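In: Sequence and computational prediction follow.
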Protein chains: 2
Amino acid sequence: MAGQRRIRDDLSVAAIELFAARGYDATTVDEIAARAGVARRTFFRHFRTKEDAVFPDHDAYLKRIQEFLDAADSTQPPLDVIREAAHLVLAMFTDDPATAVRRYRLTRQVEPLREREITASSRYLRVFCEYLHRRTGGGDEARLRDEVAAAAVVTAHNQVLRQWLRAGGTGDPHPRLDEALRSVAAALGPWLAGSRAADPGTPTPGDEVVVVVMPRGTPMWRVVQQVEAATGTADDG
Amino acid sequence: MAGQRRIRDDLSVAAIELFAARGYDATTVDEIAARAGVARRTFFRHFRTKEDAVFPDHDAYLKRIQEFLDAADSTQPPLDVIREAAHLVLAMFTDDPATAVRRYRLTRQVEPLREREITASSRYLRVFCEYLHRRTGGGDEARLRDEVAAAAVVTAHNQVLRQWLRAGGTGDPHPRLDEALRSVAAALGPWLAGSRAADPGTPTPGDEVVVVVMPRGTPMWRVVQQVEAATGTADDG
DNA sequence: GAATGTACGGCACTGAGTGCCACACCGGAA
DNA sequence: TTCCGGTGTGGCACTCAGTGCCGTACATTC
């Protein structure tokens, strides 16, 4: 059937329009179905819940990301693969800026939709996390690192995406995401690599060279933080 | 009224018991109320939704964290304050291990509850994030760093918490969280500090002091990575 | 003892979501 | 052509979460 996708799209458009016009709570599924020219029962054949109509192709997107990761080059650094996947996710929004912005403005106002978006994001996070864990060998020791790395990448993505959406979806956010991910990877890279290197045998303190960067006038606590961070000896409280 | 809290607790206990015994969907609010010895209407006076009965004091917890952050010593490094807050959150679970484990086993099986937990976690994330942003001065440039830092701390917390819950809630997870946060802070510290150093008028390279720690025999690429992380000048791909 | 405030019970109602059956359409097989 | 199974839709009835409203019981205050 060619009409299936059409009906689904009509329902989604109708839902978003009505939610924006009358409010989410004040809009019933009957009204959405009526506007799309189908029966109420048909709505629930295409969407499990009222909220789902706002994110019609989220499942397909997640599946695409999963497939991308399954097919990814396993000689590439895992973190780089995840970074690329984040660009893919971003592209799903930038492909249709108008719709993305409409959805964003809606989700900002409607709490159930906001929560829905958060759980959606957490699914990407989970997929990323599992990929990293698969690549890093599945050790329980590496789990923390994998989760933090995945969270950092997703956070960077969301931050860039939100900024782009707030600005009305103009311009190309991909370079910004690239920069953000580069920055994140620069911070996490040594940690991810360092953890694996530091595991077999703690290095003796005498065998170290210390280097840190500080502007003049930096408060002492920040200097201490730097040194602690560099040496991994944070002893504080 | 002394009975208010009592009724609320009874409702929550009844809900968790029934959900565990008969399943979440198969349990109606009427049954929960009946088991707690109150009217159905009373249930909805204490909980906004059916799910809320499983997390009866989440709002209070979040409020407590918010208050802690509001009253936190502003001379302490912001990241350390957040780390302490994470311990506070963890303590809320470890205070009553049996209940925490019961809830965990339930949420693992019931999707609506899982999603509820995710959004709950995201609220802590948001509070952490806003605190960091307040402390770092509110620059738009620092936002990425704040969000990543908050996400990393929350991720570490969740990782340690889940591990503890999976193990049945035995032992004290606080040392593990401490170690995890220390590790995360070690990775993020230089990055966070580095960004701030670059913020207020790029400091001239001559005005900096560089300190880095490396065990002997560290490969050159790792040294470069470290320095890039410390200086925030990552140029690579 | 009256007035006020608060928490609970009961009732009716809306609306999301589901199960079931009937119907329409489309392809292939006889 | 007719018969056929599979699929997508419409209509109907039903359960149940969640809300609004009102009456009532109880505790506090003046």
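Out: Sure thing, it's come through.

In: Report the contact partners of A:Thr42.
Out: Residues in contact with A:Thr42 (CB atoms under 8 Å, 6 or more residues apart in numbering or on different chains) are A:7, A:11, A:33. Yep, even glycine has a C-beta here, placed from its N, CA and C like the rest.

In: Provide a list of residues in contact with the first one.
Out: By CB under 8 Å, 6+ apart, the contact set of A:Ile7 is A:36, A:38, A:42, A:46.

In: before we move on, the earlier item: if you look at the contacts of A:Thr42, which of them are in helices?
Out: Secondary structure assignment by DSSP state H places A:7, A:11, A:33 of these in helices.

In: Enumerate every residue touching A:Arg102.
Out: A:16, A:20.

In: a helix runs through it, doesn't it?
Out: Yes - counting by DSSP: H, G, I helix; E, B strand; the rest coil, A:Arg102 falls inside a helix.

In: Report how many residues lie close to A:Gln66.
Out: 16 (other CB atoms under 10 Å in any protein chain shown).

In: so how far is DNA strand C from whatever residue of chain A ends up closest to DNA strand D?
Out: In chain A, the residue that lies nearest DNA strand D is A:Thr42 (3.0 Å; CB to the nearest atom of the strand). A:Thr42 is 10 Å from DNA strand C, where distance means CB to the nearest atom of the strand, to the nearest Å.

In: which element is that residue on?
Out: Assessed by DSSP states H and E, A:Thr42 sits inside helix A:40-46.

In: what is the rounded mean pLDDT of stretch A:79-97?
Out: Computed over stretch A:79-97, the mean pLDDT rounds to 97.

In: roughly how far apart are A:Thr136 and B:Arg166?
Out: Applying CB to CB, to the nearest Å, the value for A:Thr136 to B:Arg166 is 20 Å.

In: three-state assignment of A:Tyr24?
Out: Classified using three-state DSSP, A:Tyr24 is coil.

In: check contacts around it.
Out: Contacts for A:Tyr24 were tallied using CB under 8 Å, 6+ apart; they are A:106, A:109-110, A:112-113.

In: do that again at 10 Å, thanks
Out: A:Tyr24 makes contacts with A:15, A:18, A:50-51, A:54, A:106-107, A:109-113, as judged by CB atoms under 10 Å, 6 or more residues apart in numbering or on different chains.

In: do the same with A:Phe128
Out: A:65, A:69, A:78, A:81-83, A:85-86, A:89, A:146-147, A:149-154, A:157.

In: among those, which are in helices?
Out: A:65, A:69, A:78, A:81-83, A:85-86, A:89, A:146-147, A:149-154, A:157.

In: ok, and which of those residues reach DNA strand C?
Out: Among the ones in helices among the contacts of A:Phe128, no residue sits close to DNA strand C (CB under 7 Å from any atom of the strand).

In: which ones among those residues come in contact with chain B?
Out: Contacts with chain B are made by A:83, A:146-147, A:149-154 out of the ones in helices among the contacts of A:Phe128, judged by CB under 10 Å from any CB of the partner chain.

In: Leaving out chain neighbours, which residue sits closest to the most centrally placed residue in chain A?
Out: By CA atoms, centre = their mean, chain A has its centre lying nearest to A:Val154, at 3.2 Å. In space, and not counting its chain neighbours, A:Val154 is closest to A:Leu125: 4.8 Å by CB to CB, 6 or more residues apart in numbering or on different chains.

In: My reading is that that neighbour lies in a helix. Confirm?
Out: Yes - using three-state DSSP, the assignment for A:Leu125 is a helix.

In: Hmm, B:Val154 and it touching each other?
Out: No - with contacts counted by CB atoms under 10 Å, A:Leu125 stays clear of B:Val154, the gap being 11.5 Å.

In: Need the residues touching each of these two.
Out: A:151, A:155.

In: how far away is A:Gly137 from chain B?
Out: 17 Å (CB to the nearest CB, to the nearest Å).

In: correction: A:Ala26
Out: Shown here: A:Ala26 relative to chain B, a distance of 19 Å by CB to the nearest CB.

In: again, but for A:Arg123
Out: On the measure of CB to the nearest CB, A:Arg123 and chain B end up 9 Å apart.

In: which ones are touching that residue?
Out: For A:Arg123, the contact set (CB under 10 Å, 6+ apart) comprises A:58-59, A:61-62, A:65-66, B:118.
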